[in-house]
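Colleague: sequence plus the predicted model coming up.
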Amino acid sequence: MKTNNQMKSNPMTDQMNRGEFIRSLGLSSATLMAFYCMGTGLTACSKSSSNDPTPSTSTETGVVTSGTVTTVPTTSSGLTGNTQTSKGAISFTIDLTNADFTALKTVGNTLKVGDVLIADTKANGYVALQRLCTHQQNDRVSYQLADDDFLCDAHGSEFRTDGSVKVAAESGQAAMKVYRTSLSTDSTKLTITA
């Protein structure tokens, strides 16, 4: 008669539960509890909108550089016009010499202004798109300098600089709305219009 140590391993019957697997990685239950208490869940991607962040309805603007957002005053003297689709057609001008907007003069930087996302792109100069992703209206779209495209990191949607879908999170995903950009002859003012 064979003992347990002499039996051959059978991958079909030898299964490890989740707790054993986590412990085999060297994580204790205390570590897992710390993750849980900090709100850092070990969850999988889900198409459920209940796990998605709520799109911003504020009028805040922010500069996105390497994944960080710096909030800029919406009353900035460097901004004139309408930045909200709920208030009519998009039509505004930003002063690129104003401290709130100078980051946009660097290729690869992205600026969120009201309902619009503006990037100084590698190949196409300034590009302005709708701020929210067309998949589930997430406010997680940013310009990717290395790929010269826009990525929504919520579910992996990618958009070309002309707004067309490069990689869809789901079949039939709509393109992003693109706004016209116009740079003044002295390169100090950028106008965005619908």
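Modeller: Structure's in. What do you need? Worth saying up front: this structure is predicted, and the values here are computed from it rather than measured. Residues are numbered from 1 along each chain as shown.
Colleague: ends of stretch 143-158, how far apart?
Modeller: End-to-end distance for stretch 143-158, by Cα to Cα, to the nearest Å: 10 Å.
Colleague: so for it, what gets flagged as buried?
Modeller: 143-145, 148-152, 154-155, 157-158 (16 or more other Cβ atoms under 10 Å). Just so you know, the C-beta spots here come from the backbone N, C-alpha and C atoms, and that holds for glycine as well.
Colleague: then stretch 173-187?
Modeller: Neighbour-count burial for stretch 173-187 [16+ other Cβ under 10 Å]: 173, 176-179, 181.
Colleague: all strands of the protein, in order?
Modeller: 61-65, 68-72, 79-82, 91-95, 110-113, 116-121, 125-130, 141-144, 149-152, 157-159, 165-167, 178-183, 189-193 (DSSP state E).
Colleague: and the gap between A169 and D153?
Modeller: 11 Å (Cβ to Cβ, to the nearest Å).
Colleague: cool, and Q130?
Modeller: With distances taken as Cβ to Cβ, Q130 is found 16 Å from D153.
Colleague: again with L129
Modeller: In this view, L129 and D153 are 15 Å apart by Cβ to Cβ.
Colleague: and S182, what is it in contact with?
Modeller: 190-191, 193 (Cβ atoms under 8 Å, 6 or more residues apart in numbering).
Colleague: ranking those by neighbours, who comes first?
Modeller: Within those, most neighbours by other Cβ atoms under 10 Å means L190, with 24 neighbours.
Colleague: that one contacts I94, doesn't it?
Modeller: Yes. Using Cβ atoms under 8 Å, L190 makes contact with I94 at a distance of 5.2 Å.
Colleague: what is in contact with these two at once?
Modeller: Shared contacts of L190 and I94, defined by Cβ under 8 Å, 6+ apart, comprise 104, 118.
Colleague: end to end on stretch 76-93, go ahead and measure it.
Modeller: End-to-end for stretch 76-93, by Cα to Cα: 12 Å.
Colleague: what's the answer for stretch 80-91, then?
Modeller: 9 Å.
Colleague: tell me the mean pLDDT over that stretch?
Modeller: Taken as a whole, stretch 80-91 has a mean pLDDT of 94.
Colleague: list the buried residues for that stretch?
Modeller: The neighbour-count check on stretch 80-91 (16+ other Cβ under 10 Å) flags 82-83, 90 as buried.
Colleague: I'd guessed S76 sits against N98; true?
Modeller: Yes. Counting by Cβ under 8 Å, N98 is a contact partner of S76 at 6.4 Å.
Colleague: can you name the residues bridging to the residue nearest to G88 when sequence neighbours are not counted?
Modeller: Leaving out its chain neighbours, the residue that sits closest to G88 by Cβ to Cβ, 6 or more residues apart in numbering is N82, at 5.7 Å. Judged by DSSP bridges, the bridge partners of N82 are S91.
Colleague: who touches N82 in this structure?
Modeller: 88-92, 114.
Colleague: and it, how far from D115?
Modeller: Counting by Cβ to Cβ, the gap from N82 to D115 is 10 Å.
Colleague: what's the per-residue pLDDT of the closest residue to F159 other than its chain neighbours here?
Modeller: Distances taken as Cβ to Cβ, 6+ apart place F150 nearest to F159, at 4.4 Å, with adjacent residues excluded. Looking at F150, its pLDDT is 94.
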